[in-house]
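Asker: Can you look at this prediction? I've put the sequence above it.
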Amino acid sequence: MSEATNSTQLDEVRIGGIGASRKRVEDARFIRGRGSYVDDITLPGMLHMEILRSPVAHARIKSIDTSKAWEIPGVRLVLTGEMAAQRNLAWMPTLSYDTQAVLATDKVRFQGQEVACVVADDPYIAKDGCEAIVVEYEPLPAVVNPRQAMAEDAPVIRDDKEGQTDNLCYSWEVGDKEATDRAFEQADVISRLSLHYPRSHPSPIENCGAVASFDQATENLTVYMTTQAPHIIRAAVALVAELPEHMIRIISPDIGGGFGNKVPVYPGYVCAILCSILLGKPVKWIEDKSGNLISTGFARDMYFDGELALRSDGRILGVRFHADTDQGAFFSDAQPSKFKIGLVHSAFACYDVPTGHITARGAYTNKAPGGVAYRCSFRVTEAMFFQERLMAAAAVDVGLDPAEFRRRNLVRDDQFPYRTPFGFLTDSGQYQKCLDLGLEAIGYDQFLEDKEEAAKRGRRLGIGISTMTEPLGAGNSREYDILGIKMFDSAELRVHPTGKAILRTGAKTQGQGHETTWAQIVAHELGIPAADVLVEEGDTDTAPFGMGTYASRSTPVAGAAVAMVSRKIRAKARKLAAHLLEVSEEDIEWELGRFYVRSAPARGVSIQECAAAAYGNMPDGMEPGLENNAYYDPPNLTWPFACYIVTVEVDPESGVWDVLRVVAVDDCGVRINPMIVEGQIMGGLTEAYAMSNMQFITFDADGNCVGSNYMDYLLPTAWETPGFELHEVTTPCPHHPLGAKGVGECAAVGGPAAFVNAVMDALSDTGVRNIDMPVLPDRVWEAIATGQDVSGAPPVRND
Ligand code: PCD
Ligand SMILES: [Cu+]
């Protein structure tokens, strides 16, 4: 190559392409307090709505007297379930094909359920209005444990559903029962474990909220709301409110953390919309913290009993388990797979397991709807936790070191593509390499020696490993849909005459940094500096149709669409370049940001020159302009792999445990922005640590939610959060246009087991097999004192 071409070659990292740890452009407004969240939206004549919630978990509503509330000056509307019923809106369909009460009419079914709402001139008056409503409840026995809910004499919670005579929400199974039974017959060792993954809450800093504005003149509805999936909301509103889509505009402004909490459709949104329609004025509803913690977006709450069939050399012959999920009062999981229990059967996907069988049941209970995929691609967090806790227990039972036990069973690099016993196709990874890197980083052998030394002096050290592959990027159109709409995603790119651009996608960032990383993909594909690309998401009037951001699907799906649309733009730019250079298209080569003549590399035109030509100098017959869109239907999920290793010291006197070190090895394929990826992993590990260590939210036997405040449900701060040592392996995804895999959830999914396994390892001489999360000091202390497992399951009432 001539010197001339070398000097024009763009440096991808310098222009903010893939691999650049580009500073997040959104932070310029976030850290200056200039973000625009739903609560920052003020419309002329706007009124304020508050929700009256049920103080009890299960009761028949005998009467609701709203007269006192109407008398308060400034109250504009008091809405009850009966009034909503007149509009056919007392109930709404859920994304899991159940129904959910918008405002209770017959019964309340969980503490915190929406009973009425008041719209007033300001939120304080609205709150006073709620307090003036008198509701007469006839108490019914509450059930907060799914196994009790399944018992014969349990009160039927969903008596509103025709033909429902028990509390069974669904039952489901997958795998090969007979082959699995045979594997267990042939086993040398069978290792068993039972545990409860407790209810947990995503608890984003910003609560849910909406500003609904119905214009009585044009009959158009605009809703600003905290949603991770604006287009799905538009489709749902169109269905429920019977309004045509083109008259509905959903705008999701800046979001202060989503974490799955902002995927479902909550009654508060529907009420705000209905109130605005009734009043013809904008209505704002901003949930308070206890409202958020008590009623929206609960996750997990799942009971596992399972076993591994093992050969004496440690090879796994088969796996089987049963899972009971506590769905709460309404089955409103927002999950797009055709499987009732999400992707729980991705369990054991990273191990070479010949056969398996899973059964599962979901139960209605008197709790807020559960099953939100909190940093979780639909029950994979629970699945991976159980998998890795069972792996740890099985290593002990089969008498192998836990690292060696994993090594013997991990799927080998030469086995891909690999079909799991439950039907998934994992397609890439270097599992052994990740494990080895993790062991080396933590100084595994040395730690085992130190541990033994320390034990002689009465100290309890422990080490926990968690390895897993997670299915990310829902999903291909064969298997995934929401309300019948397939799970593709989209991007639209407009390159302006000066070569600057605007990119819009169907995803919706909530803090992940899409405004930064999507521009990097455009820079990588077109050589337009990332700083010249404005990224916009979240407005259904302007964004192309897409399914939103959750399940770490944005990079696998929308990110792929960004690459594809950029390539379409490049294809047109190539024609323009041929025209400008007066050669035929076949004689043109591409290098980042520039087309040149193959035989004369110094003769070239930049992508910016092509953009100008698209508007001012196009060849005869070519349509002007340089813009396009792409819809991307992923052929498969992406399968990142992770290995997390934690060391702890447990104080035997108090049960308090301190984290010594955390090593993380993540393989999420090609990293678009390495700094953001590291931030995602650290964030996930922080949540994993919090779930395992301190986050306690449960229910008493009467169904009162215990811990629905930040004194009990602790958010980890920088003070108590341990440091994380991050390492990386890169196995590109074979089907993603950039080789990238999702990563946002990985550490929250795989992390918790590493922490718990470490504590359990420190107690290995006590005979205790399990302590349920959160592994609070008193539970550890109890386990040491009694030598018994400690359950965290909510109580079963015996009256
Ligand atoms: N390879 C790679 C991958 C990735 N990346 C990056 O990173 C991030 C992430 O991504 P992803 O993985 O794809 O994911 P998305 O889809 O975007 O997101 C989602 C996730 O994300 C996470 N993270 C976060 N962050 C923040 N800040 N915030 C929030 O909220 C959140 N959330 C969480 C969750 S929960 Mo779910 O919803 O539950 O299902 S799911 C989830 C972005 O930015 C991207 O671009 C890169 O760079 N590279
Ligand atoms: Cu989950």
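Answerer: Cool, the structure landed. Ligands and ions are numbered 1, 2, ... in the order given.

Asker: Please count neighbours and contacts with C-alpha atoms only from this point.
Answerer: Will do.

Asker: Domains in the chain, by residue range?
Answerer: Here the domain assignment for the chain is 12-35+488-632, 38-140+207-255+262-295, 298-474+636-786, based on the TED database.

Asker: and stretch 160-169, which residues are buried?
Answerer: For stretch 160-169, the neighbour count (16 or more other CA atoms under 10 Å) marks 166-169 as buried.

Asker: between those, which is closest to ligand 2?
Answerer: Distance to ligand 2, by CA to the ion, is smallest for Cys169 among the buried residues of stretch 160-169, at 17.0 Å.

Asker: Regarding the residue of the stretch 551-700 of the chain found nearest ligand 2, which helix or strand does it belong to?
Answerer: Closest to ligand 2 within the stretch 551-700 of the chain is Ala551: 9.9 Å, counting by CA to the ion. Under the assignment given by DSSP states H and E, Ala551 is not contained in any helix or strand.

Asker: and it, how many residues sit next to it?
Answerer: The number of residues packed near Ala551 is 27, by other CA atoms under 10 Å.

Asker: now swap in the one 10 residues further on and tell me
Answerer: Other residues lying near Ala561 total 28 when counted by other CA under 10 Å.

Asker: List of residues touching the helix or strand harbouring it?
Answerer: Using DSSP H and E, Ala561 sits within helix 560-581. Applying CA atoms under 8 Å, 6 or more residues apart in numbering, the external contacts of helix 560-581 come out as 489-493, 505, 518, 521-522, 525-526, 584-585, 588, 595, 597, 603-605, 607, 610-611, 613-614, 618-619, 626-632, 736-738.

Asker: Just the ones in helices from those residues, please.
Answerer: Residues of the contacts of helix 560-581 located in helices (DSSP state H): 518, 521-522, 525-526, 607, 610-611, 613-614.

Asker: Buried subset of the residues you listed, written for ChimeraX?
Answerer: Applied in ChimeraX, the following selects the buried portion of these according to 16+ other CA under 10 Å:
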select :518,521,522,525,526,607,610,611,613,614
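
Asker: Return the residues in contact with the residue nearest to the residue of the stretch 551-700 of the chain closest to ligand 2 when sequence neighbours are not counted.
Answerer: In this structure, Ala551 finds its nearest non-sequential neighbour in Ser377, 4.4 Å apart by CA to CA, 6 or more residues apart in numbering. By CA under 8 Å, 6+ apart, the residues touching Ser377 are 342-343, 471-472, 550-552, 745.

Asker: quick one on the thing from earlier: is ligand 1 within reach of the helix holding Ala561?
Answerer: No. On the criterion CA under 6 Å from any ligand atom, helix 560-581 is out of touch with ligand 1, staying 10.1 Å away.

Asker: where does this protein dip in pLDDT?
Answerer: Scanning the chain for pLDDT under 70 picks out 1-8, 799.

Asker: and with 90 instead?
Answerer: In the predicted model, the chain carries pLDDT under 90 at residues 1-10, 95, 239-243, 334-338, 340, 475, 482-484, 711-712, 794-799.

Asker: circling back to that earlier point, now that we have the contacts of helix 560-581, which of them are buried?
Answerer: In the contacts of helix 560-581, burial by neighbour count holds for 489-493, 505, 518, 521-522, 525-526, 585, 588, 595, 597, 604-605, 607, 610-611, 613-614, 618, 626-632, 736-738, counting by 16+ other CA under 10 Å.

Asker: coming back round to it: and ligand 1, which of the contacts of Ser377 reach it?
Answerer: 550-552, 745.

Asker: got a winner among those for most neighbours?
Answerer: Going by other CA under 10 Å, Tyr550 tops the ones next to ligand 1 among the contacts of Ser377 with 31 neighbours.

Asker: quick one: contacts for it?
Answerer: By CA under 8 Å, 6+ apart, the neighbours of Tyr550 are 228, 259-260, 263, 375, 377.

Asker: want to throw those residues into a markdown table with secondary structure and distance to Ala210?
Answerer: As requested, those are exported to a markdown table (DSSP: H, G, I helix; E, B strand; the rest coil; distance: CA to CA, whole Å):
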| residue | secondary structure | distance to Ala210 |
| --- | --- | --- |
| Gln228 | coil | 13 |
| Phe259 | coil | 18 |
| Gly260 | coil | 17 |
| Val263 | coil | 14 |
| Arg375 | coil | 23 |
| Ser377 | coil | 25 |
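
Asker: Ligand 2 contacts on the chain?
Answerer: Contact residues, the chain versus ligand 2 (CA under 5 Å from the ion): 373, 376, 378-379, 381.

Asker: any chance of these in a markdown table, plus neighbour count and distance to ligand 1?
Answerer: Conversion of the residues of the chain next to ligand 2 to a markdown table gives the following (neighbours: other CA atoms under 10 Å; distance: CA to the nearest ligand atom, whole Å):
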| residue | neighbour count | distance to ligand 1 |
| --- | --- | --- |
| Ala373 | 29 | 4 |
| Cys376 | 27 | 5 |
| Phe378 | 31 | 7 |
| Arg379 | 26 | 10 |
| Thr381 | 31 | 10 |
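
Asker: tell me which of those residues is nearest to ligand 2?
Answerer: Each of those was scored against ligand 2 by CA to the ion, and Arg379 proved nearest at 3.2 Å.

Asker: Was I right to think that closest one contacts Lys340?
Answerer: No. Between Arg379 and Lys340 there is no contact under CA atoms under 8 Å: 10.3 Å.

Asker: For Ala642, which non-adjacent residue is closest in space?
Answerer: Closest to Ala642 by CA to CA, 6+ apart is Asp666, at 4.5 Å.

Asker: Kindly report the same for Glu173.
Answerer: Residue nearest to Glu173 in three dimensions, not counting chain neighbours: Thr359, with 4.3 Å by CA to CA, 6+ apart.

Asker: Identify the bridge partners of the one you found.
Answerer: Residues in a beta bridge with Thr359, per DSSP bridges, are Glu173, His322.

Asker: ok, now which ones touch the closest residue to Ile528 other than its chain neighbours?
Answerer: In space, and not counting its chain neighbours, Ile528 is closest to Gly593: 6.3 Å by CA to CA, 6+ apart. Gly593 makes contacts with 10, 526-528, 606-607, as judged by CA under 8 Å, 6+ apart.

Asker: any idea how far the residue in the stretch 651-799 of the chain that ligand 2 sits nearest to is from Ala718?
Answerer: Shortest the stretch 651-799 of the chain-to-ligand 2 distance, computed as CA to the ion: residue-wise this is Val749, at 8.4 Å. For Val749, the distance to Ala718 (CA to CA, to the nearest Å) stands at 21 Å.

Asker: out of those two, which sits in the more crowded spot?
Answerer: In this view Val749 and Ala718 are compared by other CA under 10 Å, and Val749 has more residues nearby, 29 against 9.

Asker: So for that one, what's the nearest residue that isn't a sequence neighbour?
Answerer: Residue nearest to Val749 in three dimensions, not counting chain neighbours: Thr381, with 4.4 Å by CA to CA, 6+ apart.

Asker: quick check, that neighbour in a helix?
Answerer: Yes. Thr381: assigned to a helix according to DSSP: H, G, I helix; E, B strand; the rest coil.

Asker: Identify, from the contacts of Ser377, the entry nearest to Asp702.
Answerer: Nearest to Asp702, judged by CA to CA, of the contacts of Ser377 is Gly342 at 29.5 Å.

Asker: Checking that closest one next. Helix, strand or coil?
Answerer: Of the three states, Gly342 takes coil under three-state DSSP.

Asker: I figured it hits Arg379, correct?
Answerer: Yes. Counting by CA under 8 Å, Gly342 touches Arg379, with 5.7 Å between them.
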